[in-house]
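S.K.: quick one, fold the following:
(one chain, ligands or ions: 1)
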Amino acid sequence: MSRNQSTRRDFLKSSAATAAFTLAAGSTMTSPLRAADTGAVEKRRFGKTDMTVGVLGFGGAEIGFEGTDPQTVTKLLNAALDAGLNVVDTAECYADSEEKIGKAIAGRRKDFYLFTKCGHAVETPGQGEDWSKKGLLRSIERSLSRLNTDHVDLVHLHSCSLDELKKGECIEALEQAKKEGKTRYIGYSGDSQAARYAVECGRFDSLQTSLNICDQEPIELTLPLAVTKGMGVICKRPIANAVWRYETQPDNGYHVGYWKRLQDLKYDFASGDAAKKQDANGPAGIAMRFTAMQPAVSVLIVGTTKPERWKQNAELLSAGPLPKEVEASIRKRWKEVAKADWIGQT
Ligand SMILES: NC(=O)c1ccc[n+]([C@@H]2O[C@H](COP(=O)([O-])OP(=O)(O)OC[C@H]3O[C@@H](n4cnc5c(N)ncnc54)[C@H](OP(=O)(O)O)[C@@H]3O)[C@@H](O)[C@H]2O)c1
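M.R.: Presented below is the predicted three-dimensional model:
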């Protein structure tokens, strides 16, 4: 196992506005509709915010944890922005992801919405999580400096526990950051009961949650309520880490959970020769189209280390929603097979 994988696993272990919003910092705020308006990707409203997002975003964890070299990141992100990307998601603890993004595309800040997360990277590395108001506000400042910007569009609490959420101090920190113009919107990134609480409490503009063919809990637990609350919904791990790629248990520990689930789910489209298909009816196409068609979903932040990937995936998604019977068979299989402990995976 590489050092990067181990860092990611350590993180996983430790994790448990409205349309009338007025722009606090005036001209420095962005309205990056240009790229998404080219028609390359379907556009969706992001809850009650003023954002219209392309359905395929970019997840910044892989470029950090997999140690992608900065030149490749620059090529990858600029090519994706040219092709219609307008949502870039990262976090304070994805190794050097924020710095790489800052160096690669800070000069095009008006072309995209920038989302980050806080709560894990503390001033002294190895100290663990810090959900105090002071710690979170400092974390956001560090993120702005690494991302080379004066504000982000959205900051998420990075998968803090239900207990931390209930204490409320961490939410107050984000509300203060919003008031100060460091972020335009605030969200919760996480899963299962903590995500449910975050949606119920009504204090967040968005929910970032795991949703894919191997992780379907949010479809009933959080999404219907998120719609009624007018929240933007970001799907993390939306392609289920493409675990059909592995004939045997993957070395990457982070991918093992979904790989094991897939062995039980045995979807036809992700088994045998069908798993090798590369078009919109192959496993990658079906997986992303399934995630994208769930109600309330605004954007899928697929992670990648490969410059050509974003455009490939945009093409797969352009096939649109799955036929109703295909979606229904994926839901049916999940309901038949999912065990009680198959809750949302961080
Ligand atoms: N707690 C949290 O807040 C949290 C937790 C997890 C993730 N996230 C966010 O969600 C983002 C996405 O999550 P993720 O990267 O873990 O999962 P993911 O997007 O489901 O999977 C990414 C993996 O799928 C591969 N892939 C992408 N497109 C493919 C295709 N068409 N065919 C085959 N393989 C393909 C990528 O490999 P290649 O490099 O070969 O493209 C990469 O290994 C993260 O980057 C992060 O921003 C947040």
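S.K.: only C-alpha atoms from now on, for both contacts and neighbour counts.
M.R.: Will do.
S.K.: can you tell me which residues in the stretch 51-200 of the chain are near the ligand?
M.R.: For the stretch 51-200 of the chain, the residues in contact with the ligand (CA under 6 Å from any ligand atom) are 59-62, 89-90, 158-159, 189-190.
S.K.: what's around Arg108, how many residues?
M.R.: 12 (other CA atoms under 10 Å).
S.K.: give me the three-state assignment for it.
M.R.: Classification of Arg108 using DSSP: H, G, I helix; E, B strand; the rest coil returns helix.
S.K.: what do you get for Trp342?
M.R.: coil.
S.K.: could you do Asp150 as well?
M.R.: Going by three-state DSSP: Asp150 is coil.
S.K.: ok so, going back, just the buried ones from the residues of the stretch 51-200 of the chain next to the ligand?
M.R.: Neighbour counting by 16 or more other CA atoms under 10 Å classes 59-62, 89-90, 158-159, 189-190 among those as buried.
S.K.: how about the contacts made by the residue nearest to Leu147 when sequence neighbours are not counted?
M.R.: Counting by CA to CA, 6 or more residues apart in numbering, Gly102 is the residue found nearest to Leu147 once chain neighbours are left out, at 4.0 Å. Taking CA atoms under 8 Å, 6 or more residues apart in numbering, we find Gly102 in contact with 146-149.
S.K.: among those residues, who's most crowded?
M.R.: Leu147 leads those on contacts (other CA under 10 Å) with 26 neighbours.
S.K.: check which residues of the helix or strand containing Ile171 are buried.
M.R.: For Ile171, the enclosing helix or strand under DSSP states H and E is helix 169-179. Using 16+ other CA under 10 Å as the test for burial, helix 169-179 gives 169-171, 173-175, 177-178.
S.K.: dump those into a markdown table; add pLDDT and distance to Thr346 as well.
M.R.: Putting these into a markdown table (pLDDT from 0 to 100; distance: CA to CA, whole Å) gives the following:
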| residue | pLDDT | distance to Thr346 |
| --- | --- | --- |
| Glu169 | 98 | 22 |
| Cys170 | 98 | 19 |
| Ile171 | 98 | 19 |
| Ala173 | 98 | 22 |
| Leu174 | 98 | 21 |
| Glu175 | 98 | 24 |
| Ala177 | 98 | 24 |
| Lys178 | 98 | 25 |
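S.K.: contacts for the helix holding Ile171?
M.R.: The contact list for helix 169-179 (CA under 8 Å, 6+ apart) reads 24, 131-134, 136-137, 140, 155, 157, 164-165, 183-186, 203.
S.K.: C-terminal to it, what's the next element?
M.R.: As assigned by DSSP H and E, the chain's next helix or strand after helix 169-179 is strand 183-189.
S.K.: for Asp150, which non-adjacent residue is closest in space?
M.R.: Leu144 (6.1 Å).
S.K.: what's the distance between the helix or strand containing the one you found and the middle of its chain?
M.R.: Element membership of Leu144 [criterion: DSSP H and E] is helix 133-147. The chain centroid and the centroid of helix 133-147 are separated by 19 Å under CA atoms, centre = their mean, to the nearest Å.
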